[in-house]
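Asks: Need the 3D shape of this:
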Amino acid sequence: MPSALPSVEVEFRDVSYHAIGDHARRLEGAPAGAKAPALQILGSLSLTLFRGETLILLGRSGSGKTTALKLVNRLLVPSEGQVLVDNRSTLDWDPIQLRRRTGYVMQESGLLPHFTVEQNTALVPRLEGWAPDRTTARVEELLRLVGLEPDDFRRRFPRELSGGQRQRVGVARALAADPPLLLMDEPFGALDPITRAALQREFLALQQQLHKTVIFVTHDLREALLLGTRIALLDAGRLVGVFSPDEFLRTATPEAAAYVAAFRLNDPAAPDDRPDRSTHGLSRVSAE
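Replies: Just a heads-up that it's a prediction; the model follows:
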């Protein structure tokens, strides 16, 4: 364990979240107008994210992964406890400024359909008042970085792109204003296996260049082992534990062991085939 850890970027301090009203009805599948009790989605979550690492939030559907992610950029507000970004409660941040300094990549990319690739990528820099020349240069830089030639793609609309190309534009848009923090909510989950594997490799290469602080949501252990410096396993709204990839494969914790057993059943050789990630962020940060 390093003698001095990097500074903390995000911290969950005993955070709970209870869905109420319309949110609870949607989660319960209740019809509009029906009463639904408050639902606890997260309970007493305490978790620290260090600057420059990729922390995976791993868990099955309904485990609270996306809820935890949305608490970071204040799309949701904790029912109890605090979420801190750069040592400030999210409630003390101006929500617009907080979101502009936090890149957000979601499944299906979330691109604006009536904007071109260039307009989608340039959205936050233009909102921040960047000069046109600087914005144009940044768009070109990022499109090349994610493997899209600007002259071929800048004028296209999302409907003219493949799924993998839309996800690349989504990553470029999230990085456009050079945010220190990147939130990724199953960004590759809807893609075919070949495209998904290609984008996972590209993400690793990008992270080795940019060293962003990343919270990455997935239910796929293979993806977690490949991309994460640490893995936070959630189950039914509670934190089971935080592990390095190697620790996850060895732990006797029942919830983690069930994931590993299924993983090895599907591909017994997979754990030995993970690439060397020694230059990727904080690959040896302790889970303690």
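
Asks: For the spatially closest residue to residue 112 that is not a sequence neighbour, give its distance to residue 60.
Replies: Using CB to CB, 6 or more residues apart in numbering and skipping the chain neighbours, the partner closest in space to residue 112 is residue 120 (5.7 Å). Bear in mind the C-beta positions are built from the backbone N, C-alpha and C, glycine included. Counting by CB to CB, to the nearest Å, the gap from residue 120 to residue 60 is 32 Å.

Asks: neighbour-wise, which of these two wins?
Replies: Using other CB atoms under 10 Å, the more surrounded residue of residue 120 and residue 60 is residue 120, with 23 against 13.

Asks: Which helix or strand lies directly C-terminal to the helix or strand harbouring that one?
Replies: Secondary-structure assignment from DSSP states H and E places residue 120 in helix 117-121. Using DSSP H and E, the next helix or strand after helix 117-121 towards the C-terminus is helix 123-127.

Asks: Take that following helix, keep the C-alpha atoms, and write them as PDB.
Replies: The C-alpha atoms that make up helix 123-127 are tabulated as PDB, following Å, rounded to 0.1, in the frame of the first residue of the first chain:
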ATOM      1  CA  LEU A 123     -22.300  21.400 -26.000                       C
ATOM      2  CA  VAL A 124     -20.600  22.000 -22.600                       C
ATOM      3  CA  PRO A 125     -17.700  24.200 -23.900                       C
ATOM      4  CA  ARG A 126     -20.300  26.400 -25.600                       C
ATOM      5  CA  LEU A 127     -22.300  26.600 -22.400                       C
END
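
Asks: And the contacts of the next helix or strand after that helix?
Replies: Using DSSP H and E, the helix or strand that follows helix 123-127 in sequence is helix 132-145. Contacts of helix 132-145 with the rest of the structure, by CB atoms under 8 Å, 6 or more residues apart in numbering, involve 117-118, 121-122, 125-126, 130, 149-150, 153-154, 169, 172, 175-176, 206, 209.

Asks: Check those for burial and list the buried ones.
Replies: Among these, those scoring as buried are 117-118, 121-122, 125, 130, 150, 153-154, 169, 172, 175-176, 206 (criterion: 16 or more other CB atoms under 10 Å).

Asks: ok now the longest helix along the chain, how far from the chain's centre?
Replies: When the chain is parsed with DSSP state H, its longest helix is helix 193-210. Computed by CA atoms, centre = their mean, to the nearest Å, the separation of helix 193-210 from the middle of its chain amounts to 14 Å.

Asks: Can you list the low-confidence ranges for the stretch 151-288 of the chain?
Replies: Applying pLDDT under 70 to the stretch 151-288 of the chain flags the ranges 266-288.
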